[in-house]
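Participant: Here is my input; please provide its structure:
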Amino acid sequence: MLAVDGLVAGYDGSRVLHGIDLAVGAGEVVTLLGRNGMGKTTAVRSIMGLVRPIAGRIAFDGQDVTGLPPYRIAQRGIGLVPEGRQVFPTLTVEENLVATAANRAGGAPRWTLDAVLALFPRLSERRRNLGARLSGGEQQMLAIGRALMTNPRLLVLDEATEGLAPLIRAEIWSVLARLRAEGQAILLIDKNLAAILRLADRHVVIEKGRVVWTGTSEALSAAPEVRDTYLHV
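Facilitator: From the prediction side, this is the model:
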């Protein structure tokens, strides 16, 4: 579904990514792992068209999307839950959700307002509240719901549970497990290794903008040297 080959990208002439490769298949959950500052968010921003690649190729469903504007990439069927949530602060929960609603695949959409509110009961209780009045955990639920309202074929989450209370993190991991069970393809960045190892099919580890390891959850569980060298602070 998603194929990234030899991606080179950066900011203001400074290169952050030095030829990374990664792929996500239909219905697959893949993580992008690494310590802070290693290029994970730059990779996501490049995939979404927010950073223009210097070199390499990004393809979605076999079609080259390298350098397309973000709205064109979203229209292809990629939904982003950005780092920092970035909900619309002066819109209500319901307005945040319907503002991005789309059904590009045709037929009956999987994700409607009612479906998202059923997935996140807290949002249903606060549907008239402004985005700025929500807790951090509720804003993250809203950011996920907003991305789902685009009915994406690939859901991309940058720091899915960073800074959230344990109960909220557990709820979000439960939601992601449900999405996976329903066949939703996911590209995920997060630091919670225990949850990631339970959820994901494959992992891509980057260090200083280069891929240094790839493998399954079973392989990563059996490779303490990889976790100690590239993931632990």
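Participant: who does the biggest helix by length in the chain touch, helix- and strand-wise?
Facilitator: Criterion DSSP state H: the longest helix present in the chain is helix 166-181. Counting contacts by 3 or more C-beta pairs under 8 Å, 6 or more residues apart in numbering; DSSP states H and E, helix 166-181 is packed against helix 136-148, strand 185-189, helix 193-199. Heads up, the C-betas are built off the backbone N, CA and C, glycines and all.
Participant: Residues in contact with that helix: which ones?
Facilitator: By C-beta atoms under 8 Å, 6 or more residues apart in numbering, the residues outside helix 166-181 that reach it are 27, 29, 119-120, 136-137, 140-141, 144, 155, 157, 160-161, 164, 186, 188, 192, 195, 198-199.
Participant: List the buried residues of that helix.
Facilitator: Ile168, Arg169, Glu171, Ile172, Trp173, Val175, Leu176, Leu179, Arg180 (16 or more other C-beta atoms under 10 Å).
Participant: Please produce JSON lines containing the residues you listed, extended by distance to Leu7.
Facilitator: JSON lines is the format used below for the buried residues of helix 166-181 (distance: C-beta to C-beta, whole Å):
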{"residue": "Ile168", "distance to Leu7": "32"}
{"residue": "Arg169", "distance to Leu7": "30"}
{"residue": "Glu171", "distance to Leu7": "33"}
{"residue": "Ile172", "distance to Leu7": "28"}
{"residue": "Trp173", "distance to Leu7": "28"}
{"residue": "Val175", "distance to Leu7": "29"}
{"residue": "Leu176", "distance to Leu7": "25"}
{"residue": "Leu179", "distance to Leu7": "25"}
{"residue": "Arg180", "distance to Leu7": "25"}
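Participant: Now do Phe88 against Gly131, distance only.
Facilitator: Taking C-beta to C-beta, to the nearest Å as the measure, Phe88 and Gly131 are separated by 5 Å.
Participant: what do these two both touch?
Facilitator: Asn96.
Participant: how near is Glu225 to Leu197?
Facilitator: Counting by C-beta to C-beta, the gap from Glu225 to Leu197 is 16 Å.
Participant: More neighbours: these two, which one.
Facilitator: Neighbours per residue (other C-beta atoms under 10 Å) separate Glu225 from Leu197, with Leu197 holding more: 16 against 8.
Participant: Quick check: the residue lying closest to that one once chain neighbours are set aside vs Ala200, distance?
Facilitator: Among residues not flanking Leu197 along the chain, Ser217 sits closest, at 4.6 Å (C-beta to C-beta, 6 or more residues apart in numbering). As for Ser217, its distance to Ala200 is 6 Å (criterion: C-beta to C-beta).
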